[in-house]
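[1] sequence unavailable; structure follows:
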């Protein structure tokens, strides 16, 4: 079968190659599921893997099939697969697989202390191929009504985990009911985080660089959130106008902005860092003021990466709620479609240069 892969650590090695089609027997205990890929979403992580910044090949191979945002249909199942994963079922696979830490052993591989084993990212082949096989435990079924937008489930799961972590931490307060949130960044994760917060009845201000109106700002406002441009407002002014914020999520990829948000977080608030920043940027910050605010205001800062299966399951519910309350909104996030694996260069071009692209997807096979 065909797949799109890189030679990890070698910049610009993206290529189309023939690989062996997997079989359900490759998964032990009769739990294998063969899935035909419909479409795969691409993001900045894929771009950085292509640039050779990170990514590792599976043991025994010198290449890595990329792609972690996936949507497919079940083709064949092993004898011990649950009936919810019958042939024809629409499914999304989770990304991280268990290692050897105690967290992995209890099903919390998203919190592993081992080297992360992530499909399409590190040590395990991904989904930018015609088929894949996986253990039934790592597949999440979706209703057919979500086929047009189901590829958004994996990035949405990142937002779901951040929110879940915030509420889990704030169980210490007994009665934490966040009313106002700020989302920094209006890219795909920022938009999906805004959606998840709005579906929970939370007022949201989205803070991003570009001056409105443009597609992303209009999508923010279409679900009742407020868009604020960094060209017209500082973080302090944002907090004065729309705060105090019970919850702030950084999805910008800018570490100075992320830590600047710590200064405007409200008392008993949670700051979620959801973007991985590269490089060696430094910034001057009012550290005494931030420290005092966190100590006296009982504030929390937490990082979030990857997702638990529960976050995918909750994401399915939020996809359904979004289609009910904001019909057609999710589909507008998929701005760019690349037809076929052989056009992988076009996918990469959109990731690098298309300023107006929100979500780029590769159409591998028809629904």
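    Ah, there it is. Owing to the predicted nature of the structure, the values given are computational and were not obtained by experimental measurement.

[2] show me the contacts for residue 80.
    Applying CB atoms under 8 Å, 6 or more residues apart in numbering to residue 80 gives the contacts 29-31, 136. For glycine as for every other residue, the C-beta is placed from the backbone atoms N, C-alpha and C.

[3] one more: residue 3?
    Contact partners of residue 3, counting by CB under 8 Å, 6+ apart, are 16-19, 65, 125, 128-130, 341.

[4] now it. Nearest residue, chain neighbours left out?
    Leaving aside its sequence neighbours, residue 3 sits nearest to residue 129 (CB to CB, 6 or more residues apart in numbering; 3.6 Å).

[5] is it correct that that neighbour is in contact with residue 2?
    Yes: here residue 129 reaches residue 2: they are 6.8 Å apart, a contact under CB atoms under 8 Å.

[6] neighbour count for the two, which is higher?
    Applying other CB atoms under 10 Å to residue 129 and residue 2 shows that residue 129 carries more neighbours, namely 25 against 16.

[7] can you list phi and psi of the more buried one for me?
    Per-residue torsions, residue 129: phi -150, psi 180 (degrees, to the nearest 10).

[8] contacting residues for it?
    1-4, 19, 37, 65, 67, 341, 364 are the contacts of residue 129 under CB under 8 Å, 6+ apart.

[9] restricted to buried residues, select these in ChimeraX.
    Those of the contacts of residue 129 that count as buried under 16 or more other CB atoms under 10 Å are selected in ChimeraX with:
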select :2,3,4,19,37,65,67,341,364
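
[10] nearest to residue 229 among the contacts of residue 129?
    Nearest to residue 229 among these, counting by CB to CB, is residue 67 at 32.8 Å.

[11] in three-state terms, label the closest one for me.
    coil (DSSP: H, G, I helix; E, B strand; the rest coil).

[12] tell me the pLDDT of it.
    At residue 67, the pLDDT value in this model is 98.

[13] now do residue 284
    Reported pLDDT for residue 284: 86.

[14] what of the one 5 residues further on?
    For residue 289, the pLDDT comes out at 91.

[15] now residue 366
    pLDDT, residue 366: 61.

[16] same thing with residue 205?
    pLDDT recorded at residue 205 is 98.

[17] before we move on, what about the one 10 residues further on?
    Per-residue confidence (pLDDT) for residue 215: 97.

[18] filter the contacts of residue 80 down to the buried ones, ChimeraX style.
    Filtering the contacts of residue 80 down to the buried ones (16+ other CB under 10 Å) takes a single ChimeraX command:
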select :31,136
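
[19] let me know the closest of the contacts of residue 80 to residue 75.
    Nearest to residue 75 among the contacts of residue 80: residue 136, at 13.5 Å, using CB to CB.
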